[in-house]
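Undergrad: Give the three-dimensional model of this entry:
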Amino acid sequence: MRKALKEARAEAILNPTTENVTAYLRLQQETLQRAAVFSDAFRRTVWATPELDYTLRRPVGALAKRVWSDQRREARDAALAGLGERYGLIYLGHAGCAGCKVFGPLLRAFAARHGLDVLAVSLTGAALEGWPEAVADNGRAARLGLGNAPVPALVLFDTATKRVLPVGFGVMAEDQMAERIFALTALEPGRDF
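TA: Sure thing, here's the model as predicted:
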């Protein structure tokens, strides 16, 4: 069908007679009709076969999406509540960074709200906004594999595996941090929560 449509189109373009254009348009309409029949059969099959309906795992309708979002937020908050038992956050910044001046206090509030330990590392050695106790870099960023990372930078440190998991770079809102940390720690590969 595709080949016939392509050939009819080429013929209509090269020799645009009424007959050739009509033949192409009839084939195109037949193709569209077949696509519509397939689409209807596809939808009915998905509706009748729950294991094939992806929208049951990731809804698209407004009401179902709201329910899904509420459940995900509850799961995320529960995961964040127990996060400090295994993970810590490492925050890299420097005193002259405009983004760090905004992000530092925001991260302080986020960490306090979720009971998370944060090691604030100043790349310049100067105090960071919201983190007067920040420690000087002294090669820490390079040892973490973040020597040239843009700042502000936020990573999770997994105390069980000793792995560094980047959360993000640049200014992030609290909901972005929470969602990214949840995705890195609570979601198993292949799970569509």
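Undergrad: What are the boundaries of the helices in the protein?
TA: 2-14, 18-48, 62-81, 98-114, 140-143, 174-185 (DSSP state H).
Undergrad: Can you name every helix or strand that the third one contacts?
TA: Think helix 62-81. helix 174-185 (3 or more C-beta pairs under 8 Å, 6 or more residues apart in numbering; DSSP states H and E). (C-beta placed from N, C-alpha, C; glycine too.)
Undergrad: and the helix it packs on, what's its mean pLDDT?
TA: Here helix 174-185 scores 92 as its mean pLDDT.
Undergrad: Residues touching that helix, excluding its own?
TA: 75-77, 79-80, 83, 86-87, 106-107, 109-110, 113-114, 154, 156, 165, 167-168, 172 (C-beta atoms under 8 Å, 6 or more residues apart in numbering).
Undergrad: Just the buried positions in that helix, please.
TA: 177, 178, 179, 180, 181, 182, 185 (16 or more other C-beta atoms under 10 Å).
Undergrad: now stretch 11-19
TA: 11, 12.
Undergrad: quick one: that stretch to chain centroid distance?
TA: Distance of stretch 11-19 from the chain centroid (C-alpha atoms, centre = their mean, to the nearest Å) equals 49 Å.
Undergrad: for stretch 110-119, same thing?
TA: Worked out by C-alpha atoms, centre = their mean, stretch 110-119 lies 22 Å from the chain centre.
Undergrad: That stretch spans what distance, first to last residue?
TA: 14 Å (C-alpha to C-alpha, to the nearest Å).
Undergrad: List the buried residues of that stretch.
TA: Those would be 110, 111, 114, 116, 118, 119, for stretch 110-119 by 16+ other C-beta under 10 Å.
Undergrad: Without its sequence neighbours, what residue ends up closest to the third one?
TA: Read it as residue 114. Excluding the flanking residues, the one nearest residue 114 by C-beta to C-beta, 6 or more residues apart in numbering is residue 80, at 4.7 Å.
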